[in-house]
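Engineer: dropping the sequence and predicted coords here.
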Amino acid sequence: MIFLDLFLGFLRVGCFAFGGAYGAIPLIRDVVLSHGWLTEETLAYMIAVSESTPGPIMVNLATYVGSSQGGLPGAVLATLAVVLPSFLVILLVTVLLKTALKNQYVQAALRGVKPCMVGIVLATGVYMAAGGCLPGPEGAGLDVRAALITGVLLAVLAGGKWAGKRAVSPIALIVLSALLGILVYGI
């Protein structure tokens with residue numbers, strides 16, 4: 001039963017994950033929390049790990065959850081399920097690409113989906129930042145260290161855009177956040 005649940009849960013994520021990995025995080029969150037496969041805290045940690053390891057976040061999360069719930073067969077099934085819709089769509093798009101992109105309805109649909117994805121990614125970022133810095137259900141209070149790291153990262157990001165011609169590299173932000181985590185939490 002777990003294998004069918006893993007396959008169908010991550011197939012649903014793969015089918016409706018428009019906007020890339022960050023747009024998929026709310027879908028993944030819904031699937032893993034509704035099945036009780038991960039806690040909210042573990043999911044937040046795994047998102048961070050998945051983001052800082054090579055490969056797409058969706059695939060990394062699906063592989064981890066599948067492995068934790070069903071071993072190697074679970075990892076294979078969850079990973080296959082999350083990539084299968086994209087694989088099939090890419091095959092279809094390569095066949096129909098020239099005519100489909102010229103279609104006014106396809107262009108209108110893509111323009112309509114774009115603001116939705118921006119909103120979902122922004123809401124996910126705000127939700128994760130708030131969840132990492134503000135009190136959880138335990139009511140422990142503001143995590144000053146997490147808020148400090150978040151503030152420094154936001155300042156670096158904003159300062160980089162203001163002072164430079166290029167945006168700050170995501171790799172630099174990931175390395176900086178890891179170093180800040182070691183300094184703030186390790187000491």
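Structural biologist: Perfect, thanks for sending it. Computed from a prediction, not measured in an experiment: that's the story for all the values here. Residues are numbered from 1 along each chain as shown.
Engineer: drop to CA atoms for contacts and neighbour counts, all remaining ones
Structural biologist: Will do.
Engineer: report the separation between residue 66 and residue 124.
Structural biologist: Taking CA to CA, to the nearest Å as the measure, residue 66 falls 23 Å from residue 124.
Engineer: comparing these two, which residue is more hemmed in?
Structural biologist: When residue 66 and residue 124 are compared for neighbours, residue 66 comes out ahead with 26 against 17, by other CA atoms under 10 Å.
Engineer: model confidence over the helix or strand harbouring the more buried one, on average?
Structural biologist: If you go by DSSP states H and E, residue 66 is part of helix 57-102. Taken as a whole, helix 57-102 carries a mean pLDDT of 89.
Engineer: distance between that helix and the chain's centre?
Structural biologist: Centroid displacement of helix 57-102 relative to its chain, using CA atoms, centre = their mean, to the nearest Å, is 14 Å.
Engineer: for the helix or strand following that helix, buried residues please.
Structural biologist: Once the chain leaves helix 57-102, the next helix or strand it forms, by DSSP H and E, is helix 104-133. By neighbour count with 16 or more other CA atoms under 10 Å, helix 104-133 contains the buried residues 117, 120, 121, 124, 130, 131, 132, 133.
Engineer: got the angle for the helix holding residue 66 vs helix 104-133?
Structural biologist: 160 degrees (axes from the mean of the first three to the mean of the last three CA atoms, to 10 degrees).
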